[in-house]
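Participant: Kindly generate the corresponding structure for this input.
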Amino acid sequence: MKKTVLFIMIILFISWGSLLPGASPAGRLFLPGPGYACAEENWRGEFDSICAKTGESMELSTDELKSLISRCDKLKEVIGKLEESTKKVFSKRLQMCRDLYAFALEAKKEKK
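Facilitator: Okay, here's the model as predicted:
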């Protein structure tokens, strides 16, 4: 029961970000500002690609979930080198996506 509530809360929080102005379909808690131009680098496409699958996380295979978690870990290093405010926002969002995928993977393991 607690895991289900946590899962729903994470989904709602991730989805809430897509309602903000300047948010992509992947839903990010980011409003365009001074650091916006530097935020549009190569890592941004990877971020959007990873976090775009949060809505379907429970339908993904264990291999897909493991791959997404690995991609999150690699991208975390890249985001860690960004300007402070951008780093703070995207690090938090990426960690939430990673936590959701880890939760879905654990739930699949428990089902078996």
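
Participant: alpha carbons only for contacts and neighbour counts from here, please
Facilitator: OK.

Participant: Flag the shaky bits of the chain, pLDDT-wise.
Facilitator: Across the chain, residues meeting the criterion (pLDDT under 70) sit at 1-41.

Participant: in the longest helix along it, what counts as buried?
Facilitator: What stands out as the longest helix in the chain, according to DSSP state H, is helix 84-111. Buried residues in helix 84-111, counting neighbours by 16 or more other C-alpha atoms under 10 Å, are found at 86-87, 90-91, 93-105.

Participant: Equivalent analysis for stretch 67-87, please.
Facilitator: So for stretch 67-87, counting by 16+ other C-alpha under 10 Å, buried means L68, I69, R71, C72, L75, K76, I79, L82, T86, K87.

Participant: who touches the closest residue to the fourth one other than its chain neighbours in this structure?
Facilitator: In space, and not counting its chain neighbours, C72 is closest to R98: 6.1 Å by C-alpha to C-alpha, 6 or more residues apart in numbering. By C-alpha atoms under 8 Å, 6 or more residues apart in numbering, the contact set of R98 is L68, I69, C72.

Participant: and those residues, which of them are in strands?
Facilitator: The strands in this structure, assigned by DSSP state E, contain none of these.

Participant: Return the member of those residues nearest to N42.
Facilitator: Nearest to N42, judged by C-alpha to C-alpha, of those is C72 at 14.6 Å.

Participant: ok, the closest one to E56 distance?
Facilitator: Relative to E56, C72 is positioned 16 Å away (C-alpha to C-alpha, to the nearest Å).

Participant: now do K87
Facilitator: From K87 to E56 the distance is 26 Å (C-alpha to C-alpha).
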